[in-house]
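1. sharing a model that was predicted from the sequence below.
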Amino acid sequence: MIKGWHKLSLIDYPGHLCTTIFLGGCNFRCFYCHNSDIAFSPESSPDYSIEDILDYLEHRQNYIEGVCISGGEPTIYCGLINLIEQIKSKGFKVKLDTNGTRPEVLWDIIRYKLVDYIAMDIKAPRYKYCLLSGISKEYLDLDAIERSIEIVRKNRVDYEFRTTVIPEVLSMEDIILIGCWLSGSQKYVLQSYKGKYGCLAVDRLTQYAEMVSPHFQKVEVRA
């Protein structure tokens, strides 16, 4: 299940030093995925033992504060809650990265107080979700994503929504539509895409951020 492990991260959990684990497999097929090997062909990656990860953490409790669980898409695994319980039992904070397609899993994790921070990817405005997620219209459940947005916003867990801005695919108008969609939310992050489709200049991302800032308590650019 655990197909990747960054032992120390300064950026994956805002405000905290963390270790990041990556669960293999995903129910999206984003063409720009930065973890495509883990997401699309997890069988080709080695397995990491949760016991080894917990042992690593126990010997570094003085400075590692939390665990970021990423992917792939973590919520597609029936063992996710047990995994989080093991981490929480050792006294570590947990951040979950998700695409929001499994609202019932998000609800369980939140109501059992198993998560301290949620980062939910918002791939695009509604009309472009099929293009950015790689899922055809008949299989894409936008209602599930809407439910996840509301679950995250209405519960007392720190969170952020975030969008990776692909040049020539997501326009300023698209970002404005997302801003209107998520209006009233706590935090929105615009992430710079770095890959074969180019990279949007930081000043352009900052311009996008300024356009949507009235909709959020906080807007951040991650270059």
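-> Structure received.

2. please go through the protein and pick out the longest helix.
-> The single longest helix within the chain, with elements called by DSSP state H, is helix 142-154.

3. three-state assignment of the residue most central in space within the chain?
-> Ranked by distance to the mean C-alpha position of the chain (C-alpha atoms, centre = their mean), the top residue is Asp97 at 3.0 Å. The local conformation at Asp97, judged by DSSP: H, G, I helix; E, B strand; the rest coil, is strand.

4. report the contact partners of it.
-> The neighbours of Asp97, taking C-beta atoms under 8 Å, 6 or more residues apart in numbering as the test, are 68-71, 74, 119, 121. Backbone N, C-alpha and C define where each C-beta goes, glycine included.

5. and the direction of the helix or strand hosting Thr164 versus that of helix 142-154, what angle?
-> Thr164 is part of strand 158-165, with elements assigned from DSSP states H and E. Put simply, strand 158-165 runs at 140 degrees to helix 142-154, going by axes from the mean of the first three to the mean of the last three C-alpha atoms, to 10 degrees.

6. got the CA coordinates for strand 158-165 in CSV?
-> What follows is strand 158-165, C-alpha atoms only, in CSV (Å, rounded to 0.1, in the frame of the first residue of the first chain):
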residue,chain,number,x,y,z
ASP,A,158,-7.6,23.1,9.3
TYR,A,159,-7.7,22.8,5.5
GLU,A,160,-6.7,24.2,2.2
PHE,A,161,-8.1,23.8,-1.3
ARG,A,162,-5.4,23.9,-4.0
THR,A,163,-5.1,24.0,-7.8
THR,A,164,-2.1,23.2,-9.9
VAL,A,165,-2.1,25.7,-12.7
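
7. beyond it, next helix or strand please.
-> helix 172-181.

8. run through who's touching the following helix or strand past that following helix.
-> Where DSSP H and E defines the elements, the next helix or strand beyond helix 172-181 is strand 187-192. If you take C-beta under 8 Å, 6+ apart as the criterion, strand 187-192 is touched by 119, 159-165, 175, 178-179, 182, 199-200, 202, 205, 208-209, 212, 215-223.

9. buried stuff in the next helix or strand after strand 187-192?
-> Next along the chain after strand 187-192, taking DSSP H and E as the criterion, comes helix 202-212. The neighbour-count check on helix 202-212 (16 or more other C-beta atoms under 10 Å) flags 205, 208-209, 212 as buried.

10. from these, which is closest to Ser49?
-> Each of these was scored against Ser49 by C-beta to C-beta, and Leu205 proved nearest at 38.4 Å.

11. just to revisit the earlier point, what angle do the longest helix of the chain and helix 172-181 make?
-> Going by the same axes, to 10 degrees, helix 142-154 makes 60 degrees with helix 172-181.

12. against which helices or strands is helix 142-154 packed?
-> helix 103-111, strand 117-121, strand 158-165 (3 or more C-beta pairs under 8 Å, 6 or more residues apart in numbering; DSSP states H and E).

13. any chance of TSV for these, columns distance to His34 and mean neighbour count?
-> Formatted as TSV, the helices and strands packed on helix 142-154 follow (distance: least, C-beta to C-beta, whole Å; neighbours: other C-beta atoms under 10 Å):
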stretch	distance to His34	mean neighbour count
helix 103-111	23	18
strand 117-121	12	22
strand 158-165	8	21
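
14. dump these to CSV, plus mean pLDDT and distance to Ala39.
-> Formatted as CSV, the helices and strands packed on helix 142-154 follow (pLDDT from 0 to 100; distance: least, C-beta to C-beta, whole Å):
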stretch, mean pLDDT, distance to Ala39
helix 103-111, 97, 17
strand 117-121, 98, 12
strand 158-165, 97, 14
